[in-house]
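>>> Turn this into a model:
(chains A, B and C)
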Amino acid sequence: MIQHVEVHTRGKGLHEVTTEVQRAVASSGLSEGLCTVMIRHTSASLTIQENADPTARHDLEGWLDRLAREGDPHFEHLAEGPDDMPSHIKSALTSTTLSIPIVERRLALGTWQGIYVWEHRVRGSIRHLVIHLGP
Amino acid sequence: MIQHVEVHTRGKGLHEVTTEVQRAVASSGLSEGLCTVMIRHTSASLTIQENADPTARHDLEGWLDRLAREGDPHFEHLAEGPDDMPSHIKSALTSTTLSIPIVERRLALGTWQGIYVWEHRVRGSIRHLVIHLGP
Amino acid sequence: MIQHVEVHTRGKGLHEVTTEVQRAVASSGLSEGLCTVMIRHTSASLTIQENADPTARHDLEGWLDRLAREGDPHFEHLAEGPDDMPSHIKSALTSTTLSIPIVERRLALGTWQGIYVWEHRVRGSIRHLVIHLGP
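Numbering: from 1, shown residues only, chains lettered A, B, ... in the order given. So this is what the prediction gives:
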């Protein structure tokens, strides 16, 4: 079973989508199985991260911004703006697809885990997720 | 089919779990299929790495320690200790889920590949893996 | 269903394999499902990246070369040459497995997404992919 989800990110950073993915799992009727989420973009990505303390997400975002900096003098791919090439790098370093087991009709995430769309473009965008649900 | 595995990591670094995951594959009775492993934590992660020369793993651990350093003056998320925020970063840069094809009742890993739990906290912990096995 | 694909990389960098993976999907006859690709190596990896402008791939390759440098004085694992340890690091930071939903007999990739084998060894090699296709 395939489901499509759209996420309106309104700027850079981690946007939680656990509820949207869990809703897809519930509507599949599967009590046990595998849920695979793919993001159809190369300047936004997916990650499973701590959902408790917002400072953890803030520090994570800041650290990656300092690692893959805008304005790197080596970059040639600048046509779409200074945040574009760092976006592709951040996407390559994180995840484009995630597969999460389903147990008792729910994502088998740990207590502190949430699923996030990581928007890497400054302005944000409408981001498309494709979700596969299988037994 | 779902299986649960607990791993007692006794400190930072790569802990091989290939045998434990292969045991889950064997008990599933599947001759062909897909094995998905998820770690239910955000301060430990999964990776597939070289299982031959221990210096490769040692260099990998040291390199990532230098990339995501304890004591980064930008960090605000310090309540759980100086190794906590680097742990979340290392987790985001590596894998929380891995999906490995099953061929002839075995994980289709290459000759030099092993599956590892990468413990990022200094003290280690009991880490929970959820394994989904499907045809 | 399992398929095997060999890729002859002729040197470092991103080698597109979208056509080869799509061919495996077509031959499976699945109209909907999940395609999982695994690379059976620890010195080459997989990534989904922009397939439009070659400067994006060039900048990505260069950036990762500067992050995981040859000749790092901390490295002990040098027996297979100076490009070996950076290869393992790059492999750990990118992906060894990717799972992509199948919709209407095709990989559900976004318009600008391609699947790449990322060769990290200078000389290249024959790289083996195992592909699992399921409903």
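>>> from here on, contacts and neighbour counts on C-alpha atoms
Noted.
>>> Pull the contacting residues for the nearest residue to residue A:124 once chain neighbours are set aside.
Closest residue to residue A:124 apart from its sequence neighbours, by C-alpha to C-alpha, 6 or more residues apart in numbering or on different chains: residue A:11 at 4.0 Å. Residue A:11 makes contact with A:119-125, according to C-alpha atoms under 8 Å, 6 or more residues apart in numbering or on different chains.
>>> Any part of stretch A:110-121 near chain B?
Yes - using C-alpha under 8 Å from any C-alpha of the partner chain, stretch A:110-121 reaches chain B at A:110-113.
>>> Just the buried positions in stretch A:72-90, please.
Within stretch A:72-90, the residues scored as buried using 16 or more other C-alpha atoms under 10 Å in any protein chain shown are A:75, A:77, A:82-90.
>>> which of those lies closest to chain B?
residue A:90 (9.3 Å; C-alpha to the nearest C-alpha).
>>> what's the model's confidence in stretch A:76-91, averaged?
The pLDDT scores in stretch A:76-91 average 96.
>>> First-to-last residue distance for it?
Its first and final residues considered, stretch A:76-91 spans 18 Å by C-alpha to C-alpha, to the nearest Å.
>>> and after the helix or strand encompassing residue A:56, which helix or strand comes next?
If you go by DSSP states H and E, residue A:56 is part of helix A:54-67. Counting by DSSP H and E, the next helix or strand C-terminal to helix A:54-67 is helix A:84-93.
>>> Distance of residue A:87 relative to chain C?
10 Å (C-alpha to the nearest C-alpha, to the nearest Å).
>>> Near chain C, which residues of chain A are found?
Neighbours of chain C within chain A, by C-alpha under 8 Å from any C-alpha: A:1-2, A:36, A:38, A:40-42, A:74-77, A:85, A:88-89, A:92-99, A:130-132, A:134.
>>> repeat that with 6 Å
Contact residues, chain A versus chain C (C-alpha under 6 Å from any C-alpha of the partner chain): A:40, A:42, A:75, A:77, A:93, A:132.
>>> which residues touch the closest residue to chain C within chain A?
In chain A, the residue that lies nearest chain C is residue A:40 (4.4 Å; C-alpha to the nearest C-alpha). Applying C-alpha atoms under 6 Å, 6 or more residues apart in numbering or on different chains to residue A:40 gives the contacts A:128, C:109-110.
>>> who wins for neighbours among the residues you listed?
residue C:109 (20 neighbours; other C-alpha atoms under 10 Å in any protein chain shown).
>>> Identify the residues contacting that residue.
Taking C-alpha under 6 Å, 6+ apart, we find residue C:109 in contact with residue A:40.
>>> What helix or strand is it located in?
When elements are assigned from DSSP H and E, residue C:109 belongs to no helix and no strand.
>>> if you skip the residues just before and after it, what's nearest to the residue in chain A that chain B sits nearest to?
Closest to chain B within chain A is residue A:110: 4.4 Å, counting by C-alpha to the nearest C-alpha. Leaving aside its sequence neighbours, residue A:110 sits nearest to residue B:40 (C-alpha to C-alpha, 6+ apart; 4.4 Å).
>>> Quick check: the gap between that neighbour and residue A:97.
17 Å.
>>> same thing with residue A:42?
Distance from residue A:42 to residue A:97, by C-alpha to C-alpha: 11 Å.
>>> Check residue A:11 too.
In this view, residue A:11 and residue A:97 are 21 Å apart by C-alpha to C-alpha.
>>> returning to that earlier point: how about the residues of chain A next to chain C, which pair is most distant?
Using C-alpha to C-alpha, the residues of chain A next to chain C span at most 35.8 Å, a distance reached by A:75 and A:132.
>>> Please name the nearest non-neighbouring residue to residue A:99.
Take residue A:99 and drop its neighbours on the chain: the residue closest to it by C-alpha to C-alpha, 6+ apart is residue A:36, 4.1 Å away.
>>> which residues does that neighbour contact?
Contacts of residue A:36 (C-alpha under 6 Å, 6+ apart): A:98-99, A:131-132.
>>> Cross the residues you listed against strands and list the overlap.
A:98-99, A:131-132 (DSSP state E).
>>> what residues does chain A put near chain B?
Checking chain A against chain B by C-alpha under 6 Å from any C-alpha, the hits are A:49-50, A:55-56, A:59, A:93-94, A:101, A:109-110.
>>> Among those, which one has the most neighbours?
residue A:101 (27 neighbours).
>>> Just give the nearest non-adjacent residue to that one, would you?
Excluding the flanking residues, the one nearest residue A:101 by C-alpha to C-alpha, 6+ apart is residue A:34, at 4.4 Å.
>>> Buried ones from the contacts of residue A:11, can you make that a PyMOL selection?
Only the buried entries of the contacts of residue A:11 go into this PyMOL selection, using 16+ other C-alpha under 10 Å:
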select buried, chain A and resi 119+120+121+122+124+125
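>>> Contacts for the helix or strand in which residue A:27 is found, please.
Using DSSP H and E, residue A:27 maps to helix A:18-28. Helix A:18-28 is contacted from outside by A:114-115, using C-alpha under 6 Å, 6+ apart.
>>> Give me the buried stretch members for that helix, please.
Those would be A:18, A:21-22, A:24-25, A:28, for helix A:18-28 by 16+ other C-alpha under 10 Å.
>>> can you redo those residues as TSV with pLDDT and distance to residue A:70?
As requested, the buried residues of helix A:18-28 are arranged in TSV below (pLDDT from 0 to 100; distance: C-alpha to C-alpha, whole Å):
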residue	pLDDT	distance to residue A:70
A:18	98	30
A:21	98	32
A:22	98	35
A:24	98	36
A:25	98	38
A:28	98	41
